[in-house]
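> okay, here's the prediction I keep looking at, along with the sequence it came from:
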Amino acid sequence: MAWVDRIVAVAAATVALGSIIAIFLALLAEVVIRYLTTRGLGWPTEVPNILFPWLVMGGIVLAAHRGAHIAVSILLYAVTPAVAKMLLAVMQILVAATFIFLSYVSIAVVQITGNQLFPVTGIPQLYAYSSMFFGFGGIAIISLVTLVRVLHATDPRSVLDERAEASV
């Protein structure tokens, strides 16, 4: 399960970092060309519309992987490890089920947006909306990996502690 976890983290970091670099370079090219010629390229203004959703979803998946999202865990440390294991397992099952459903719904959104094109480049908007499937699917996978780790841990709270330490 560790390799699945690692693949999701690397993919999310690559997507986020690649998106921000591509957005920066496209907008930089637009500024430079506009400065030199007083005319823009046109297409760089659509790059953020396509890649910003990927940047956001990559960051969300990375935050979920590192346990850096909003969580209230005081209850987990007030109960026994057995109760904490049950609570964490139920939480991960709910998160996985929710995000699997959202991934399924995002497929319909992607299909709907397949006919809508960005005006300058003519690129279908489904490329931007596909980020929802990536993000929701990534969080579902992370929650399933966390569920397996929680079920096999002696003290399930250590799984959360490991994630929190990894984000520091």
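Good, I have the coordinates. Residues are numbered from 1 along each chain as shown.
> what about the helix ranked longest in the chain, average pLDDT?
For the chain, the longest helix by residue count, based on DSSP state H, is helix 2-37. Taken as a whole, helix 2-37 has a mean pLDDT of 93.
> spit out the contact partners of the closest residue to Leu17 other than its chain neighbours.
In space, and not counting its chain neighbours, Leu17 is closest to Gly58: 7.7 Å by C-beta to C-beta, 6 or more residues apart in numbering. Heads up, the C-betas are built off the backbone N, CA and C, glycines and all. By C-beta atoms under 8 Å, 6 or more residues apart in numbering, Gly58 lies in contact with Ala12, Ala13, Thr14, Val15, Ala16, Leu17, Ser19, Phe134, Gly135.
> redo those residues as CSV? Include distance to Met91 and neighbour count.
Listed next are these as CSV, based on distance: C-beta to C-beta, whole Å; neighbours: other C-beta atoms under 10 Å:
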residue, distance to Met91, neighbour count
Ala12, 21, 25
Ala13, 25, 15
Thr14, 28, 11
Val15, 26, 23
Ala16, 25, 19
Leu17, 29, 14
Ser19, 30, 23
Phe134, 23, 20
Gly135, 19, 25
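> widest-spaced pair of these?
Across these, no pair lies farther apart than Leu17 and Gly135, at 15.3 Å, counting by C-beta to C-beta.
> what's around the spatially closest residue to Ile107 that is not a sequence neighbour, how many residues?
Here the nearest residue to Ile107 in space, its sequence neighbours aside, is Phe133; by C-beta to C-beta, 6+ apart that works out to 6.4 Å. Neighbourhood size, Phe133 [other C-beta atoms under 10 Å]: 18.
> distance of Ala22 relative to Ala9?
Remark: distance between Ala22 and Ala9 (C-beta to C-beta, to the nearest Å) = 20 Å.
> same question, Ala64
Here the criterion is C-beta to C-beta. By it, Ala64 lies 10 Å from Ala9.
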